[in-house]
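S.K.: Following is a predicted model, sequence given first.
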Amino acid sequence: MPRPDAFLPVKTNWFHILLSLAGGEQHGYGIMQEVLDRTGGKVRLWPATLYGSLKRLIEAGLIEESDQRPRQFDDPRRKYYRLTRLGRRVLDAESERLQELVRILQMKRGLEVS
Amino acid sequence: MKTLALWLYRRLAYAFPHEFQMLYGADVVRTGEEAVEEISERHGFWGLFPLLADIALRVPVEYLAEMRRDLVYALRTLAKSRGFAAVGIISLGLGMGVAATSASQFFTMILKDLPDVREPGHLAMLQGASYPYFEHYRDQHDLFAAVAAFRLAVPFNISLQGANARPERIFGQVVSPEYLDLLGITPQRGRLFDPAVDKPGEAPVVFLTDRFWRDRMDADPNAVGRVIRVNGQPATVIGVGPKDFLGIMPIIASEIFVPTTAPANMVPELAGDILHKNEKAFGVLFRLAPGISIDSAEAGLDSLTRHLDQETLDPARNAKGRRVTMSPGGKILPIPREMMPAMYGFTFLLIGLILALACMNLANMQLARAAVRRREVAIRLSVGASRFRLIRQLLTESVLLALAGGAAGLAFAYWATSAFRKVQVSRAIPIHIEMHPDGHVLLLTFLLSLAAGVGFGLAPALAATKTDLASTLKEGAVAQMRGYRRFGMRNLLMVWQVAGALTLLLIAGFMVIGFEKSNAVEIAFDSHSMFLFSVDPVRDGYSSDRAASLFDKIRDRLKTVAGVRDVVISEATPFAPQLGGSTLTAPGDAGAPDQVVHGVAKNVVGAGYFSALDVVMLEGREFNEHDQRIDTAKTVALPAILNQTAAQEFFGHKDPLGRRLAETGKSYDVVGVVKDLSAPMSQTSRGSMQTSIPVVYLPLTRGDLSSPPLNGMTILIRTSHDPAGAIEGVRNEMSALDPNLAIFNLRTLAEDVEQNTSYLRRSSIIYGGIGGFGLILAAIGLSGVTAYSVARRRKEIGIRMALGARKTQVLRLVLRESGVLVAVGSVLGLAMGFAVARLMSSLTSLFGNAFTASVRDPRLIIGAPLLLAALAMLACYIPARRSTKIDPLQALREE
């Protein structure tokens, strides 16, 4: 398995998708909606970009298609995606990286104030 | 509006690459449909634009991504079969290299414009006009915006530090004052010549090229106004030209320009009042008036010249045909327009043939490979890859291969052109060929490689993907290609390849043997026992009288040197190329029309020239000491000796002795006839190569001694024994005569002849190389086909051997198939070779002699096909031998 560090920093689109899948399986339109909701309508993954990114994420081994259907009433033709173990670790590593950045920024701010 | 957006969205979604569509197409469409509602609710009508823009952008991105993957995959497959890749790249690289080299030669010599010159397309020139004629031409303001006279390749002895420094011999042009202004160059320093300022009688001035200024004056910022010595006389520098400017015809590099207003003691070429004489000593450069084509200018000039000829009673005035031939002046070489199609044609024919051979090889190799890879292709097709996708994949490979070949070809071209640049073509004139592949060639090579990759990769790719899946998967790699066909693409390609290679070999052979035959040099004695050297006393500062008496002394003194048998002073050197540029007339007998002969070469030779060369006079006598003392001003007619060709052309079967020949302003009495001497590389004025050129030999007179030609006066020394000792004695005697007299170009006759024919030998090597290259390509192709056929028939051979077939029988079986292809190809190639030779010799006299001389040579007609067939069969034999090593048990057990 490739090292998660190799994927850092994660592209914004990828990060949003990974984040959406952190909660469990999701289909394409669902991911789009979730990102829209989460960012208060600021970030919209347009369909073609979304599927392009999904394709590359699958090729990179960060996500995979899921055969589990969370809701019975859903359209059976939809494909569901979920994080792989690598994907989860990349998401963790990216979150850590961002946290580290925020921490450094806060420390600098703190120094300026004092 | 929503429906329109949705419709567009769906269209775009279907434009995605096949693979992407299979996986995500439906999802993309569905998500889009769902999003449209929501987006138009939230953002209104304008919100639909980013949706469409997004998909419109993603489509090409997906295609690029696929291409990248194709490329990576192609690189990996090529890396896996290195042998295949190497052979492909080398054969295509050689083909491209030869093509790129010829193309860069073509671009620099024929298509490139003169550097630094204004509107070079409006320039035209003609060779061989007298100065008074030029002055008439100059007045044709309706035809020409400007007209100038020039003389090319004029040697000057230049010294920068006063009269006593040892001068350097360089080449320049003598030009009328209009010349520089006509060309429209901008001097980087000083001024140009100006007809209003530069008049006869003014203090002499010169104009320098940037090269002279940098190399010899160290880019002196105060160069303008400096006085330098030109042939011993002081002259003031008035200007320095722009950086790349070397005058017209820069192939003969000019470093200095001297106006025709300079005094004759500075420029021997202007001696004898030549500016007022009817002597065709100048070239004329024209800038065409706006809207005037070169054809209409030529027509206008022709009628004017005809008129002038009548007025001046030119001996050739009644000859038929055009009086003047103009050629474009703004190019590196002024190639007459009627020769253009032949030159283009031959160049492109050769390039095309070579490229076609290389490409056929590539196609053949791709076909063989595609056959081997049919299983892989079939598997990929059966798991759902689209045919288009696979074709693209295969194409990517061949394009990649072709581009690599193109790159190799460019490297080859760079090497070849830099090697070509070092070549010295002539001893007398510094021919200067500035040649390197430029942007045009780069682009051309790239496009050609791309075309070769696509063109010759497409057919194999189509063939490979058009398969019957079930049977291929069942049969495996040994499956036959849609049933073996006698006229299948591979066999046709093979036949054409053999035919093409043979055509190439034949043309190359025609050229090589033709050159050899038409330019063989026959010398009746040991050419090491004669040596030659040159002196140019006038340019070393001698007055004409002193120069003439110096030559008398040289002759007398050198004869006393031990080992010297003959001493001859001559302008012409023996067995050198003859340039037939003169037109002479033999007045007809009472009532009969005058016999006008164009393309006559004139050789000025000293007393005893022919006996020194062991050439016996066929009729009459040769020049003696008496002829050498003739005062041209007081003599009506100079004696002349004709070679056989000239005698035949002027007088037919009649006795030429005692008859008269006339030329513009001069006439000659025929006193003797000699046989034709070998003159390799001879040319007539029309630029065609000729073996037998009419030559008129004229005696060396006092006037000639004081205005020597551009390679100085040549002294021929025939030694009876030990040339080395004689050379030493001659050197001592010369320095005793005048230690400051420069002796240059000392060489034996053997060396001289070798130098004269070196260009031919190089051409022969090049053509031989091209022929050999075709052979190698054909061999590679044939051995590939045979290897493939052996692999394909593995099982069949196994069965035959299991049933008791002997190895030789198997071998014969395999070779028979290739043998038929080779035979058919050879017949076709022979026919094509002859057709091309016929076409070329009828199209132009440029190659006519070479072709006619060699077309019946048995060495070629029998040798070339035999050589090709032998090599081809060898190329087949090596892989065919593998068939005998097939283990029948193993072959049958496979699958």
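M.R.: Happy to help now that I have it.

S.K.: Write out the residues of chain A neighbouring chain B.
M.R.: A:28-29, A:32, A:41, A:44, A:46-52, A:54-55, A:77-79 (CB under 8 Å from any CB of the partner chain). (Glycine included, C-beta is placed from N, CA and C.)

S.K.: PyMOL command for the buried members of these?
M.R.: Filtering the residues of chain A next to chain B down to the buried ones (16 or more other CB atoms under 10 Å in any protein chain shown) takes a single PyMOL command:
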select buried, chain A and resi 28+29+32+44+46+47+48+49+50+51+52+54+55+78
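
S.K.: just checking, what packs against the helix or strand of chain A with the lowest mean pLDDT?
M.R.: Between all helices and strands in chain A, the lowest mean by mean pLDDT, DSSP states H and E belongs to strand A:26-27, at a mean of 84. Strand A:26-27 is packed against strand A:80-83, with contacts defined by 3 or more CB pairs under 8 Å, 6 or more residues apart in numbering or on different chains; DSSP states H and E.

S.K.: Following element in sequence after the strand it packs on, please.
M.R.: Going down the chain from strand A:80-83, the next helix or strand is helix A:85-113, by DSSP states H and E.

S.K.: Go through that next one and flag the buried ones.
M.R.: A:86-91, A:93-94.

S.K.: I'd like the mean pLDDT over it, please.
M.R.: For helix A:85-113, mean pLDDT is 88.

S.K.: quick check, distance from it to the centre of its chain.
M.R.: 16 Å (CA atoms, centre = their mean, to the nearest Å).

S.K.: do the same with stretch B:717-734
M.R.: Once both centres are worked out by CA atoms, centre = their mean, stretch B:717-734 turns out to sit 40 Å from its chain's centre.

S.K.: Also stretch B:233-243?
M.R.: Counting by CA atoms, centre = their mean, stretch B:233-243 comes out at 33 Å from the chain centroid.

S.K.: which residues are in contact with that stretch?
M.R.: The contact list for stretch B:233-243 (CB atoms under 8 Å, 6 or more residues apart in numbering or on different chains) reads B:115-116, B:180, B:185-193, B:203-210, B:213, B:223-229, B:258, B:262-263, B:265-266.

S.K.: so of those residues, which ones are in strands?
M.R.: Among those, the ones falling in strands (DSSP state E) are B:189-190, B:205-208, B:227-229, B:258.

S.K.: Can you tell me the element the spatially most central residue of chain B falls in?
M.R.: By CA atoms, centre = their mean, chain B has its centre lying nearest to residue B:105, at 5.8 Å. Take DSSP H and E as the rule and residue B:105 turns out to sit in helix B:82-106.

S.K.: Remind me what that helix packs against, helices and strands.
M.R.: In terms of contacts (3+ CB pairs under 8 Å, 6+ apart), helix B:82-106 is packed against helix B:48-80, helix B:340-372, helix B:387-421, helix B:439-465, helix B:749-792.

S.K.: For the helix or strand following the longest one, buried residues please.
M.R.: Remark: after helix B:749-792, the chain's next helix or strand is helix B:794-802, criterion DSSP H and E. For helix B:794-802, a neighbour-count test (16+ other CB under 10 Å) marks B:794-795, B:797-798, B:800-801 as buried.

S.K.: okay, the residues you listed in CSV with distance to chain A and pLDDT next?
M.R.: Shown next, in CSV, are those (distance: CB to the nearest CB, whole Å; pLDDT from 0 to 100):
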residue, distance to chain A, pLDDT
B:794, 39, 73
B:795, 41, 75
B:797, 45, 79
B:798, 44, 80
B:800, 50, 83
B:801, 49, 82
